[in-house]
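> Mind looking at a prediction? Sequence and model below.
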Amino acid sequence: MSVLRVAICDDYQQVAFKFADWSPITQRVSIDVFSDTIADEDLLVKRLAEYDIICAMRERTKFSASLLDRLPKLRLIATTGLRNLAIDTKHAKSKGITVSGTKGSGATLEHIWALLLATVRHISVEDANVKAKNPQWQTIVPFGLAGKTLGLIGLGRLGTQTAQVAKVFNMKVIAWSPNLTPERAAEAGVEFAATKADLLKESDIVSLHLPTAYLLNTSRGPLIDEDALVAVLKAKSIAGAGLDVFDQEPLPLDHPLRDVNNATLSPHNGYVSDTSYKVRKS
């Protein structure tokens, strides 16, 4: 039996061998692990052209149709998460390339609230002040959640779970999406916003129009115009932002978001946890 070549891509934390037991297949496969992300397609082809199987960490390397066309030996892509928008699954299927994924563990919901609370309570700013030995013990008044309005753009499984947690904090929750109905909103226990504009105007969190508003994004980087966001953050037109996803990842070292003091940034860790890495069932 010929040995199959396996590439594990984008293992930033170098945990691929820690959270999975590869011993049952080590006689049948040769495994290489890469801890960096390459965006240039020619360089990706040079790296991956000889592999039969690719293990893709969630939405880090983008497997476009043009890239898949240039990987002649590829037969299987395994990815963390059941939905990976970085993979052109339709084109992969047309080429006989199987794409498989694993179920999540709820880590994204945890991270949404970790990021939200860290942002509105300015945890990273105060942490930096304490560690920098700032003589002023407290520098910012945290933003209380009780009685505030959380606007959800999208009310699927994750949006509904987010709403449930918000109720624990005694928040008002409103929701809007292109296909959301008042009946569906009522079933989820949230108020229906007739338009996206209405939601943004009424929300204390996720609004771009109120001086006391906060914006969170744990979904997709391109949903936000980053240049515009940097401008309103610097102008203090909104109170702050909590971001887990970005247009380009890893975020370039010279990106202006790294210099904004009212933005809480995390490196696309929303789906990451030790339990999610251990999930095997697809």
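Structure received.
> what are the C-alpha coordinates of the longest helix anywhere in the chain, in CSV please?
Secondary structure of the chain per DSSP state H: the longest helix is helix 107-120. This file holds the C-alpha atoms of helix 107-120, laid out as CSV (Å, rounded to 0.1, in the frame of the first residue of the first chain):
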residue,chain,number,x,y,z
ALA,A,107,-16.6,27.9,21.6
THR,A,108,-17.9,30.7,19.4
LEU,A,109,-20.7,31.6,21.8
GLU,A,110,-18.2,31.7,24.7
HIS,A,111,-15.9,33.9,22.7
ILE,A,112,-18.6,36.3,21.7
TRP,A,113,-19.3,37.0,25.3
ALA,A,114,-15.7,37.0,26.3
LEU,A,115,-15.0,39.6,23.6
LEU,A,116,-18.2,41.6,24.4
LEU,A,117,-17.4,41.9,28.1
ALA,A,118,-13.7,42.6,27.5
THR,A,119,-14.7,45.4,25.1
VAL,A,120,-17.4,47.1,27.1
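> Okay, domains of the protein per the record?
4-101, 107-273 (automatic domain parsing).
> Columns mean neighbour count and mean pLDDT on top of those, output as a markdown table?
Heads up, the C-betas are built off the backbone N, CA and C, glycines and all. What follows is those, written out as a markdown table (neighbours: other Cβ atoms under 10 Å; pLDDT from 0 to 100):
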| stretch | mean neighbour count | mean pLDDT |
| --- | --- | --- |
| domain 4-101 | 16 | 92 |
| domain 107-273 | 16 | 90 |
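> Between helix 107-120 and the strand or helix carrying residue 152, find me the angle.
Element membership for residue 152 (DSSP states H and E) is strand 149-153. On the basis of axes from the mean of the first three to the mean of the last three Cα atoms, to 10 degrees, strand 149-153 is oriented at 140 degrees to helix 107-120.
> next helix or strand past strand 149-153?
Next element after strand 149-153 (DSSP H and E): helix 157-168.
> Pull up the gap between residue 107 and residue 78, please.
Residue 107 is 18 Å from residue 78, where distance means Cβ to Cβ, to the nearest Å.
> hmm, back to that, what does the strand holding residue 152 contact?
Identification of contacts with strand 149-153 by Cβ atoms under 8 Å, 6 or more residues apart in numbering yields 159, 162-163, 166, 171-177, 190, 193, 196, 199-200, 202-207.
> Next: stretch 170-179.
145-155, 159, 163, 166-167, 185, 188-196, 198-199, 202-203.
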